[in-house]
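> Pasted the sequence and its predicted model underneath.
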Amino acid sequence: MAKESIYDLIFDIARHIPKGRVTSYGAIAKCIGTGASARLVGWAMHLAGNYPDVPAHRVVNSKGLLTGKHHFGGDRMEKLLKKEGIKVKNDQVQQFETVFWDPATLGL
DNA sequence: GTGGTGACTACTT
DNA sequence: AAAGTAGCCACCA
């Protein structure tokens, strides 16, 4: 049985992000219940490095900006997003509202 | 047990 | 409108 820490929840949500879609830290934060601590989500993504199943590259900030791409290893995040079919320009997701995926879609 | 940090968000000036 | 500050929670040393 998993401890189901808040990170596990975040990872679980991130893992359920459909291909070609992205989500924001605040959306996940709210979904897990923290709501006010979007920072934890960002931190969780840091730990996500240990979780290859967690597409942290699909998680961006509220503006659709690839804030964490620097931690991914340069343009790796942008490249991955483009590979997924997401248009990224200047570290910003194009059609962000179109590719935006809400964790509530899971059927919360 | 305490202190510092972190890939954010929202409000205020 | 833009810029700055404050708030928040959990992990690591």
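Happy to help now that I have it.

> C-alpha only now, for contacts and for neighbours.
OK.

> all strands of chain A, in order?
A:23-24, A:59-60, A:88-89, A:92-93 (DSSP state E).

> So which of the ones you listed is the most surrounded?
strand A:59-60 (a mean of 27; mean count of other Cα atoms under 10 Å).

> So for A:Arg76, what's the pLDDT?
Model confidence at A:Arg76, expressed as pLDDT, equals 90.

> quick revisit: with mean pLDDT and distance to DNA strand C as extra columns, can I get the strands of chain A in a markdown table?
Converted to a markdown table, the strands of chain A look like this (pLDDT from 0 to 100; distance: least, Cα to the nearest atom of the strand, whole Å):
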| stretch | mean pLDDT | distance to DNA strand C |
| --- | --- | --- |
| strand A:23-24 | 94 | 14 |
| strand A:59-60 | 94 | 15 |
| strand A:88-89 | 92 | 18 |
| strand A:92-93 | 93 | 16 |
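
> how about the ones you listed in JSON lines, adding distance to A:Met77?
JSON lines is the format used below for the strands of chain A (distance: least, Cα to Cα, whole Å):
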{"stretch": "strand A:23-24", "distance to A:Met77": "14"}
{"stretch": "strand A:59-60", "distance to A:Met77": "10"}
{"stretch": "strand A:88-89", "distance to A:Met77": "10"}
{"stretch": "strand A:92-93", "distance to A:Met77": "11"}
